[in-house]
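Trainee: quick check, what structure comes out for this input:
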Amino acid sequence: MRSLFIFFLLTLSIFAQEGLSENNISIKTQSEIQKDSIDLKSDILKKRQRVDELDKELSSIDDSLNKDIYYAKYNNHQTYLQISKELNEIKDKIKKSKFRLKSDEISKLNIQMRSLQNQLDLLEDFKEPPFLDLTKPKDIEKPPVVDSPFHLFRAFAYMKQLKAAKDEYKNELKSLNELIKKLESKRDILIAKQNIFGKEYKKELLDEIEKELKEIRSSYDIAYSTNRIYNKKVNDTLRNISSLAKEQIKKLINIFLIILLIFILSFIFKYFAKKTISDNQRYYMAHKVINFTNLFLVSLVLLFYFLENATYLVTVLGFASAGIAIAMKDLFMSMLGWFVIVFGGSFHVGDRIKVYKGGKSYVGDIVDISFLRMTILEDVTLTSYEENRRSGRVVFVPNNYVFTELLSNYTHGKIKTVWDSINITITFDSNHKKASHIVKEIVKKYSKGYTDISRKQLNLLRNKYSLKNINVDPRVYTFIEKSGITVSAWYMTNSYATLTLRSNISALIIDEFNKEDDIKIAYDTHILNIKRDQEIVKKELKDSSEEEGLS
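Mentor: Next comes the predicted model:
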């Protein structure tokens, strides 16, 4: 229909031009008329093609505008303003003409007013101008404090958040600019069609688009200026945070290098300790001391790097020291005990010790000395045989026991032997002198090696301790007991194998005593005199019968 209309207009223009030509110009030839007709048809086809192209472009732009969020917000806002205007007009009309209008008319106006109010409530979200958020500068969150490497993650997260907000603002401006370009394109298309159809074609629509462009351009200009200020603030903030983050990264690198240097030095010390210390126990203790020193130095480095105000920590610890000392007394005592154990030299890894606690004794070898406790492994000893009746347990001894409990060391320093004893009881009518001699010879023979070792070890300790009596020869004592004569033999034996020598010597003593007729091993016995018991019974029966006769 639109094409026919265009064709009709073009035809009228042709006829008008022909009429003028007839009045002012002489009659043309038939060939010239055909040529003009062909040119006219060609122009009409070109204009029709141009109109179709413009219609397609206009349709594409309209589809794009319908999908544009900002344009939809703008239209909803304009609709809200229009409805609000109509609502106010109805309210004014009702107020001014309340007594002149009929009740039906007032009722209709009230219905219209309620309908408009409902529509207005639905569009309440679009009450504010759609580009108000873009025209107002966005608030920048307070930057985080970056005074420690632990705050680096917080700084990076803040920088990422600022960059995201900056990009979002930029994309919003870009979308608004694209909306302006779309409206300009639509306006240009309508102007082009106006040139074809006349100035009255879509004049109202063009005026509306010009109004929209004016408002949106104004908002865009304000938003663009706001964005420049916002970007400047964001860039300044990013530079400050980035500078602080770089300082903390440098600090973190310094910490890493210092800790790495500490570990390298510890590795070197451990290497030289392994090369120079042949004693396994001393090497183990040196290894422990190096590890503790590493931990202490690393803790100091971390403390002074991460703690900005060291005096504040000292003040807090000063006030809290009393409470900490009471609440963590055992812990601090164990730490102090570790220093006493390690630097005092009373105990070493591998020493055999005896611990007394709660009326019970535990004997074993030290397998580890940590910062808070010693670990001992129970062995089969005389204590296990007489008291515990079990062994092989891992016993953890807190280091503070060196101050509060009794700890015995069977292998202190160079000493690897201890005194052990065997007590054997013989009857009163046995030859106790011969028994003592036999016991002494057996003990002397089988403990000779340990006796010599003990004598050498005690001589080495004279430089450290005041040793007046270093007689370690076997000793035999004789004591009178209730059940007989006790022969007590004392001799030196290996601290780690006391039961082995004790068992061998005991078996040999029993064998030798059994060979002697005048030596008898005593044990708990009861002697019953049967004849005497029978006489006592007869006497009691006789006395009881006499008493019955008298009665």
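Trainee: and the residue nearest the centre of the chain, how far from Leu300?
Mentor: What sits nearest the mean C-alpha location of the chain, by C-alpha atoms, centre = their mean, is Phe150, with 12.1 Å. Distance, Phe150 to Leu300, by C-beta to C-beta, to the nearest Å: 18 Å. Every residue, glycine included, has its C-beta placed from N, CA and C.
Trainee: and what of Lys202?
Mentor: 83 Å.
Trainee: also Leu336?
Mentor: Distance, Leu336 to Leu300, by C-beta to C-beta: 19 Å.
Trainee: same question for Thr427.
Mentor: 73 Å.
Trainee: which one's more surrounded, these two?
Mentor: Thr427 (15 against 11; other C-beta atoms under 10 Å).
Trainee: which residue packs closest to Val472, ignoring adjacent ones?
Mentor: In space, and not counting its chain neighbours, Val472 is closest to Ser454: 4.3 Å by C-beta to C-beta, 6 or more residues apart in numbering.
Trainee: what residues does the one you found make contact with?
Mentor: Counting by C-beta atoms under 8 Å, 6 or more residues apart in numbering, Ser454 touches 415, 417, 472, 492.
Trainee: I'd say the third one and Met492 touch.
Mentor: Same thing as Val472. Yes. Val472 is within contact range of Met492, at 5.3 Å (criterion: C-beta atoms under 8 Å).
Trainee: find residues that contact each of the two.
Mentor: 451, 454.
Trainee: tell me which of those two has more neighbours.
Mentor: Neighbour tally, Val472 and Met492, criterion other C-beta under 10 Å: the higher count belongs to Met492, 24 against 21.
Trainee: who are the packing partners of whichever strand or helix holds the more buried one?
Mentor: Per DSSP states H and E, Met492 falls inside strand 484-494. Counting contacts by 3 or more C-beta pairs under 8 Å, 6 or more residues apart in numbering; DSSP states H and E, strand 484-494 is packed against strand 417-426, helix 432-446, helix 448-460, strand 475-481, helix 498-515.
Trainee: so how far is that strand from its chain's centroid?
Mentor: Relative to its chain's centre, strand 484-494 lies at 63 Å (C-alpha atoms, centre = their mean, to the nearest Å).
Trainee: next, the angle strand 417-426 makes with it.
Mentor: Angle, strand 484-494 to strand 417-426, by axes from the mean of the first three to the mean of the last three C-alpha atoms, to 10 degrees: 160 degrees.
Trainee: quick one: average confidence on strand 484-494?
Mentor: The pLDDT scores in strand 484-494 average 92.
Trainee: just the CA trace of it, in CSV.
Mentor: The C-alpha coordinates for strand 484-494 follow below in CSV (Å, rounded to 0.1, in the frame of the first residue of the first chain):
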residue,chain,number,x,y,z
GLY,A,484,69.1,-68.0,109.2
ILE,A,485,72.4,-66.4,108.2
THR,A,486,72.2,-64.2,105.2
VAL,A,487,75.3,-64.0,102.9
SER,A,488,75.1,-60.7,100.9
ALA,A,489,77.4,-60.4,97.8
TRP,A,490,78.0,-57.0,96.1
TYR,A,491,79.7,-56.7,92.7
MET,A,492,79.9,-54.5,89.6
THR,A,493,77.8,-55.4,86.6
ASN,A,494,76.7,-53.9,83.3
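Trainee: next up, the contacts around Val355.
Mentor: Contacts of Val355 (C-beta under 8 Å, 6+ apart): 361-363, 376, 395, 397, 401, 405-408.
Trainee: so how far is Ser408 from Phe343?
Mentor: Relative to Ser408, and taking C-beta to C-beta, Phe343 is found at 21 Å.
Trainee: swap that for Val234, please
Mentor: Distance, Val234 to Ser408, by C-beta to C-beta: 74 Å.
Trainee: looking at those two, which one has more neighbours?
Mentor: Higher neighbour count among Val234 and Ser408: Val234, with 19 against 13, using other C-beta under 10 Å.
Trainee: Three-state assignment for the more buried one, please.
Mentor: With DSSP: H, G, I helix; E, B strand; the rest coil as the basis, the three-state label of Val234 is helix.
Trainee: just the pLDDT for it.
Mentor: 84.
Trainee: any chance you could map the helices in the stretch 251-400 of the chain?
Mentor: Assigned by DSSP state H, counting those that start in this stretch, the stretch 251-400 of the chain shows helices spanning 280-306, 310-327, 329-344, 382-383.
Trainee: let me see the mean pLDDT of the second one.
Mentor: Meaning helix 310-327. Mean pLDDT, computed over helix 310-327, is 59.
Trainee: whatever helix or strand Gln82 lives in packs against which elements?
Mentor: For Gln82, the host element (DSSP H and E) is helix 69-96. Where contact means 3+ C-beta pairs under 8 Å, 6+ apart, helix 69-96 is packed against helix 103-122, helix 152-197, helix 203-276.
Trainee: redo those helices as JSON lines? Include distance to Lys440.
Mentor: Below are these laid out as JSON lines (distance: least, C-beta to C-beta, whole Å):
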{"stretch": "helix 103-122", "distance to Lys440": "118"}
{"stretch": "helix 152-197", "distance to Lys440": "80"}
{"stretch": "helix 203-276", "distance to Lys440": "46"}
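Trainee: which of the ones you listed comes out lowest on mean pLDDT?
Mentor: Among those, helix 103-122 carries the lowest mean pLDDT (a mean of 76).
Trainee: run the angle between that one and helix 69-96 for me.
Mentor: Using the same axes, to 10 degrees, the direction of helix 103-122 lies 150 degrees away from that of helix 69-96.
Trainee: and helix 103-122, how far from the chain's centre?
Mentor: Centroid displacement of helix 103-122 relative to its chain, using C-alpha atoms, centre = their mean, is 63 Å.
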